[in-house]
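Trainee: Requesting a structural model of the entry that follows:
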Amino acid sequence: MLSLLLFLLYLAVVSLIWFTSSKWWLKVETQTPKCIYYFGPFESESEALDLHGDYLSDLEGEGAQGITYQIQRGAPRRLTVCEEDA
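Mentor: You can find the predicted model right below:
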């Protein structure tokens, strides 16, 4: 019984990893503040592209400058990484 429970737990973890790594993410880098933000997950690259403007507008509204972005596959380890966090 324990082996079945462990096997089911293993399947759940593998499924979760596959689910998040196969999704699309918006990676946004800002120069001021010096940060990288990840938004997602999105079901498709086109969904991320359709919604990216909203995220960029929010960051601009908060005073972020030097904003660049890319759409990529794979789950990030952290959703926000700033220079002062390093």
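
Trainee: Excluding residues flanking it in the chain, which one is nearest Asp64?
Mentor: Heads up, residue 64 is Ala, not Asp. Thr30 (4.3 Å; CB to CB, 6 or more residues apart in numbering). For the C-beta atoms, the positions are set from N, CA and C on the backbone; glycine is no exception.

Trainee: For that neighbour, give the beta-bridge partners.
Mentor: Cys35 (DSSP bridges).

Trainee: wait, isn't it in contact with Gly66?
Mentor: Yes. Counting by CB atoms under 8 Å, Gly66 is a contact partner of Thr30 at 5.9 Å.

Trainee: So if I had to pick from the two, which one is more boxed in?
Mentor: For the pair Thr30 and Gly66, the greater number of neighbours falls to Thr30 (21 against 10), based on other CB atoms under 10 Å.

Trainee: contacting residues around that one?
Mentor: 36-37, 59, 64-67 (CB atoms under 8 Å, 6 or more residues apart in numbering).

Trainee: got it, and Lys23?
Mentor: 40-43, 73, 75 are the contacts of Lys23 under CB under 8 Å, 6+ apart.

Trainee: Ramachandran angles for it?
Mentor: phi -90, psi 170 (degrees, to the nearest 10).

Trainee: Could you look up the SS state of the residue most central in space within the chain?
Mentor: The chain has Tyr38 as the residue nearest its centroid, 3.8 Å off, counting by CA atoms, centre = their mean. Three-state assignment for Tyr38 (DSSP: H, G, I helix; E, B strand; the rest coil): strand.

Trainee: so what's it closest to, chain neighbours aside?
Mentor: The shortest distance from Tyr38 to any non-neighbouring residue, by CB to CB, 6+ apart, is to Pro76 (4.2 Å).

Trainee: didn't the one you found look like it was pressed against Trp25?
Mentor: Yes. Applying CB under 8 Å as the test, Pro76 and Trp25 come out as touching, 6.3 Å apart.

Trainee: With neighbour numbers in mind, choose between these two.
Mentor: Using other CB under 10 Å, the more surrounded residue of Pro76 and Trp25 is Trp25, with 21 against 17.
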